[in-house]
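J.: need the 3D shape of this:
(2 chains)
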Amino acid sequence: MASAGPQTDSMISRNGDGQAILLGGFSEQSQHSHFPRALVCPYTGANDVVDHELPSTGVLWACTVVNSAPPGYFGPVPYGFGVVQLEDGLRILTRIAADDPASLQIGQPMGLIIEDLPAGADQDAGTMQIWAFAPTSDDTASDDTASGAR
Amino acid sequence: MKAVALAGVGMYPFGRHGDLTATEMGATALQAALSEAGVHRGEFQATFCATAYGGVAAGHRVLSSLALTGGPIIDVEAGCASGGAALGLGAAAIQSGQYDTVLVLGIEKMPKGMIRSSFFPSWMETAGLAATPAYFALRAQRLMIEQGITSHDLADLVVKNRANGVLNSDAMFRSAVTREQVLASKLVCYPLHLWMLCSPNEGAAAVVLQRADLAPPGSVRLLATSLRSHLPGSVLDESTPLAGLSDSEITPPSTLAAEDAYERAGLGPADLDLVECQDTDAARELLTWPELGLCQAGQQAQILAEGSFALGGRLPVNSSGGLLSKGEPLGASALGQIVELVHQLRGDAGHRQVEAARVGLAHTIGRGANASVTILQA
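T.: Coordinates of the predicted model:
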């Protein structure tokens, strides 16, 4: 079984049902959540950050496809890459897990999953865990995003 | 405050130059600038050298190769705006009265292919979250959704800049292209095709700054230069955070720098005769126009169709051909814009001369985020 990479295991957890959860921070003073958890509120500097579990669902806000492997990446290509706006309004940068990411519509409902990726070029390099979002239904996109992801 | 003039400029053309080192390119550009200014060994007090990939004491290596060491030599790194940052430090030293003549240099020899930036931690590379063109692509997509830009507009922006590059002997790409050719070039990350992205490359640019009363007659004046970073919150700005908020209320760093520069220069966008602006990709230039106050958000398509920002239009933008024609050697690119403005404002820009050009603005935005805006006057 893959182990969470040391770099991301402070960002990813699972709840009692085994459901993936992203760990961020929240400031009472600024009323903003953020990701990953920071020393102070990254938007206002407020020094009252507490641990915060982010919503695991949202809608697609931007999406593209990476067609060739960028430097330092050993996973499959092409892969989807985009921004999902979570239910609390936080916009999170993420891999997009879909057979054809280019066909997704902006506004499409998305849900959190965890992907295992090779941590190096060698087979014995192990894997790292990373968050990704996948489409959760075939609902049509909202009206203001008719141009879609593609 | 002492007035600052650009007493001389020099370039090593941006491109791919085999085994030639950044030091050698920098020396050539610097010699040209010193020659124009009539400044010799012992006649300047400090050097600021912009570079992102140049390594330790890159500026020292250039000045050593020309036997010009002895004064302070300071390397400056501020992403794509490194040259703007170096220029600002040099100008401030003259304005304050500390020095009367300062060398400002930008040198770079970029690795080939997709830029590998030390800005990203290695786990983000492993996770596939460090694909630089993909960030550009997401920003382009939001621009299309929010400001009514189409793929045709992105292609037309490339057509505009490449047409100007044909007239620039220092450009890397000197052929005109059509909208159809741009859209037929390889799809890198939707909506960006290969020809909509500038090429990382190599080159150098140099400027001799001097107290205006000491500079050669007819030297171009530096009215203002400003460097700003991002305000937090925007998920797709050049600080590339992992998350952000609704960004409609967040002033982008290019606007912060532009407003500061306009105020200090005592003029506004309507006073400009030409602009060199960051066209890392086609969408970046279109996004920048309203950020600099050159037009309203949403007017870009009409401006492209009418040719208002093309050579011969009311406000030529990227008369040099921009980075889309020249390529982008990070540390040198911002000073390359300054070299173009100086030639235009002196009236020696040849076939791409902007008629009666008196005031020009140069803009860069990049990783950090860093944004620089410089305003020059004939």
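
J.: flag every buried residue along the least confident helix or strand in chain A by mean pLDDT.
T.: Using mean pLDDT, DSSP states H and E, the weakest-scoring helix or strand in chain A turns out to be strand A:12-14, at a mean of 90. The neighbour-count check on strand A:12-14 (16 or more other Cβ atoms under 10 Å in any protein chain shown) flags A:Ile12 as buried. The way it works is simple: take the backbone N, C-alpha and C, and place the C-beta from them, glycine included.

J.: now do the contacts for the nearest residue to B:Phe48 once chain neighbours are set aside.
T.: With Cβ to Cβ, 6 or more residues apart in numbering or on different chains as the measure, B:Ala86 is the residue that lies nearest to B:Phe48, at 4.0 Å, once sequence neighbours are left out. Residues in contact with B:Ala86 (Cβ atoms under 8 Å, 6 or more residues apart in numbering or on different chains) are B:48-50, B:76, B:104-106, B:335.

J.: related to what we said a few turns ago, how far does the least confident helix or strand of chain A sit from the chain's center?
T.: 12 Å (Cα atoms, centre = their mean, to the nearest Å).

J.: can you pull out the strands in chain A?
T.: For chain A, the strands defined by DSSP state E cover A:12-14, A:20-27, A:32-34, A:49-53, A:57-66, A:79-86, A:91-96, A:109-118, A:127-135.

J.: so how far is B:Val188 from the residue in chain A that chain B sits nearest to?
T.: Nearest residue of chain A to chain B, counting by Cβ to the nearest Cβ: A:Gly72, 2.9 Å away. For A:Gly72, the distance to B:Val188 equals 18 Å [Cβ to Cβ, to the nearest Å].

J.: ok, the two, which is more surrounded?
T.: Per other Cβ atoms under 10 Å in any protein chain shown, whichever of A:Gly72 and B:Val188 has more neighbours is B:Val188, with 24 against 18.

J.: which elements pack onto the strand or helix carrying that one?
T.: Using DSSP states H and E, B:Val188 sits in strand B:187-189. Applying 3 or more Cβ pairs under 8 Å, 6 or more residues apart in numbering or on different chains; DSSP states H and E, we find strand B:187-189 packed against strand A:57-66, helix B:132-147.

J.: sheet partners, orientation included, of it?
T.: Sheet pairing for strand B:187-189, assigned by DSSP bridges, gives strand B:192-193 (antiparallel).

J.: how far off centre is the partner strand?
T.: 21 Å.

J.: now do stretch B:43-52
T.: Its chain's C-alpha centre and that of stretch B:43-52 lie 18 Å apart, by Cα atoms, centre = their mean.

J.: please apply the same query to stretch B:92-104.
T.: For stretch B:92-104, the distance to the chain centre is 22 Å (Cα atoms, centre = their mean).

J.: show me the contacts for A:Ala62.
T.: The contact partners of A:Ala62, by Cβ under 8 Å, 6+ apart, come to A:82-83, A:106, A:149, B:138, B:141-142, B:236.

J.: wait, B:Leu324
T.: Listed by Cβ under 8 Å, 6+ apart, the contact set of B:Leu324 reads B:158, B:161-162, B:165, B:173, B:195-196, B:198, B:279, B:282, B:318.

J.: how would you label it: helix, strand or coil?
T.: helix (DSSP: H, G, I helix; E, B strand; the rest coil).
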